[in-house]
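A.B. asks: my questions concern the predicted model and sequence given below.
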Amino acid sequence: MEMIDAIVLRSLDYKDNSKILYLYTAKGLVSVIAHGVKKMNSSLRVLSQTGNYVRISFSKGEFPSLKEGLLLNEFSALRNDLFAYTYYTHILELVNHTIPEDSNHQKMFLFLLKITNKLNEGTDAETLSFIFELKLLYFLGYGINLKQCNICNRNEDLVFSIEHGGLVCKSHLTSQQHSYEQDIIEVMSTLYGIDLDRAPIPMLEKNMKVIIRNIIDIMYHDYLGFKTKSRSIIEQFQKY
């Protein structure tokens, strides 16, 4: 029986003792019915926890059922950090609601695992979320131009403009459009282009985090029209 690696994006109660599991795999999004996993003595109970990394098999058909599985990682350190875990669920919500069916799922699945492992190691959760969200925009086809003016390709006197989807020279910026100077451009460029396997995660001051968070929130509102429930929770305890 074929086994497939997956991350549990969320679960939904189904009937008395079962759940519907929404999974992300290297082949895309999968939903399976996990019969009886709410029972305390179920050997598959641990496989139904949101955020767990599992290896499972399931039946074929329109409504596949979970057959067997193995817990690969429950990311216990991450799960015990409420702040980091809320950012993790924010990332999982984004995957669940924004990834198209025809995407390069293998690439995104491996990237999600890298981000999750970094979170579990204690790397700053907010900065990792910035990295994930910026790279997700590129993955979804909303690439951000951080090299030259979006209008005339000029390389001098540049500012970052959300309205223009990246850099624009000041001669093409209207007085009504808000823009960000070189310090923001440098941070955005670092986060957007970082290689998690090679480069250290940058340490950001709180005021810089507030600005980057605001930029990303606006882009997700304008480009995707989507905001996660976890992001609303984050706002409550961060106040931004």
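C.D. replies: Cool, the structure landed. Residues are numbered from 1 along each chain as shown.

A.B. asks: and Leu23, its phi and psi?
C.D. replies: The phi and psi values for Leu23, taken as degrees, to the nearest 10, are phi -120, psi 150.

A.B. asks: count of neighbours near it?
C.D. replies: By other Cβ atoms under 10 Å, 24 other residues sit near Leu23. (Each C-beta comes from the backbone N, C-alpha and C, glycine too.)

A.B. asks: tell me what it is bridged to.
C.D. replies: Val8, Val30 (DSSP bridges).

A.B. asks: domains for the chain, by residue range?
C.D. replies: 4-74, 77-238 (automatic domain parsing).

A.B. asks: export those domains to a markdown table and tack on mean pLDDT?
C.D. replies: Below are these laid out as a markdown table (pLDDT from 0 to 100):
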| stretch | mean pLDDT |
| --- | --- |
| domain 4-74 | 94 |
| domain 77-238 | 95 |
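
A.B. asks: residues contacting Ile56?
C.D. replies: Ile56 makes contact with Met3, Ile4, Ala6, Leu23, Val32, Leu47, Leu66, Lys67, Glu68, Gly69, Leu70, according to Cβ atoms under 8 Å, 6 or more residues apart in numbering.

A.B. asks: now it, what's its secondary structure?
C.D. replies: For Ile56, the assignment made with DSSP: H, G, I helix; E, B strand; the rest coil gives strand.

A.B. asks: circling back: of the contacts of Ile56, select the buried ones using a ChimeraX command.
C.D. replies: Buried residues within the contacts of Ile56, by 16 or more other Cβ atoms under 10 Å, are selected in ChimeraX with:
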select :6,23,32,47,66,69
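
A.B. asks: for Leu94, state which of the contacts of Ile56 is nearest.
C.D. replies: Leu23 (15.2 Å; Cβ to Cβ).

A.B. asks: gap between that closest one and Glu2?
C.D. replies: 14 Å (Cβ to Cβ, to the nearest Å).

A.B. asks: do the same with Phe132
C.D. replies: Per Cβ to Cβ, Phe132 is found 29 Å from Glu2.

A.B. asks: those two: which is more packed in?
C.D. replies: Remark: of Phe132 and Glu2, Phe132 carries more neighbours, 26 against 7, as counted by other Cβ under 10 Å.
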